[in-house]
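In: this one's structure only:
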Ligand SMILES: C[S@@+](CC[C@H](N)C(=O)[O-])C[C@H]1O[C@@H](n2cnc3c(N)ncnc32)[C@H](O)[C@@H]1O
Ligand SMILES: [Zn+2]
């Protein structure tokens, strides 16, 4: 269920006070870090990019490389934001099993990354990707989606477990 209205006039952050910075991450590649303290609930950045159908997303995916969905964000209506096309820094936010942010989809279709808790300057921003992989979770797939978030409760995988209620709910959403 999308949240009602997106952050007021989408000016959550003035350019002089941008709360994030992109730099190298110990989780993976590049990550996004707090450039200053961020308050609980703050809208940090919108997840932008080209909006495409799930069919188009599948066409863009290299089937030999399941991780080639890197900058895809799946919307509640089954469409996808491809952050690789006209996307912003939000596409560099890594996944964590103990995230300090959440992605909220608003009724106007925008997606914003919000702080779940107070975040200290220098902390890496993360959210739970809630990734669904419907195919068999073979050893190769498990390796490809291994999670390196480093959280004490890390599940070891960026994929949602197939027997979880959330996985089943996401499948229903994707199937419309
Ligand atoms: C949206 S990108 C995040 C930015 C990425 N670090 C980069 O440099 O482009 C998502 C990709 O980052 C990697 N990634 C993100 N979170 C991860 C994690 N917790 N463990 C391992 N790899 C992760 C995976 O390759 C994933 O497909
Ligand atoms: Zn993890």
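Out: Good, I have the coordinates. Keep in mind that this is a model prediction, so the values were computed, not measured. Ligands and ions are numbered 1, 2, ... in the order given.

In: and whatever residue of the chain ends up closest to ligand 1, how far from ligand 2?
Out: Closest residue of the chain to ligand 1, CB to the nearest ligand atom: residue 29 (2.4 Å). In this view, the C-beta of every residue, glycine as well, is placed from N, C-alpha and C. As judged by CB to the ion, to the nearest Å, residue 29 and ligand 2 stand 15 Å apart.

In: residue 55 too?
Out: 30 Å.

In: check contacts around the residue nearest the centre of the chain.
Out: The chain has residue 129 as the residue nearest its centroid, 4.6 Å off, counting by CA atoms, centre = their mean. Applying CB atoms under 8 Å, 6 or more residues apart in numbering, we find residue 129 in contact with 95, 158.

In: A strand includes it, no?
Out: No: according to DSSP: H, G, I helix; E, B strand; the rest coil, residue 129 belongs to no strand; its state is coil.

In: what about residue 114, how many neighbours?
Out: 19 (other CB atoms under 10 Å).

In: confirm it sits in a strand?
Out: Yes: with three-state DSSP as the criterion, residue 114 is part of a strand.
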